[in-house]
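# Fold the following, please.
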Amino acid sequence: MDYRMLYNRKNLHLARKMRKDGTKAEACLWKYVLRAKMMKGYSFRRQRPIANYIVDFLCKELMLVIEIDGSIHDLEEVRQKDKIRKDFLESHGFKVLRFTNSQVLKNITQVREQLEYWIEEAEKGNRI
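This next block holds a predicted model:
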């Protein structure tokens, strides 16, 4: 499916606010891994509205969504909403990778390596 069909301009103002008020983990992943095509030459966008959701990071070319989860995502209610969100995104052709704030802040090298591995497999035609 073409991402443009799911792009929701109605949530653009909220996405901009979330970009401005992002978490420290999101800022670190953006600054040290994803911005300016640093991740294997792919372009990532921050806080992109897809349907009724705003995803943390999106690479349209790879149909890859990256979510950074804080401790609130440990709550059962939030986990259920995350599953619904993931199922929706994956049903529209996206792959969703999740990392915790702690993973990003304490071991960004490992996060980078996991993303590189996923991209290398995707380039080979393997969907992980």
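# I'd guessed Leu29 sits against Phe57; true?
Yes - Leu29 lies in contact with Phe57 (C-beta atoms under 8 Å); the separation is 7.2 Å. Where you see a C-beta, it was placed from the backbone N, CA and C, and this is true even at glycine.
# Spell out which residues are contacts of both of these two.
Listed as contacting both Leu29 and Phe57 by C-beta atoms under 8 Å, 6 or more residues apart in numbering are Ile66, Ile68.
# Among the two, which residue is more densely surrounded?
Legend: neighbour count by other C-beta atoms under 10 Å for Leu29 and Phe57, higher for Leu29 (29 against 23).
# and the more buried one, helix, strand or coil?
helix (DSSP: H, G, I helix; E, B strand; the rest coil).
# ok, which stretches of this structure are strands?
For the chain, applying DSSP state E gives strands covering 45-50, 53-59, 64-69, 95-100.
# Rebuild those strands as a markdown table, extending it with mean pLDDT.
Shown next, in a markdown table, are these (pLDDT from 0 to 100):
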| stretch | mean pLDDT |
| --- | --- |
| strand 45-50 | 93 |
| strand 53-59 | 95 |
| strand 64-69 | 96 |
| strand 95-100 | 96 |
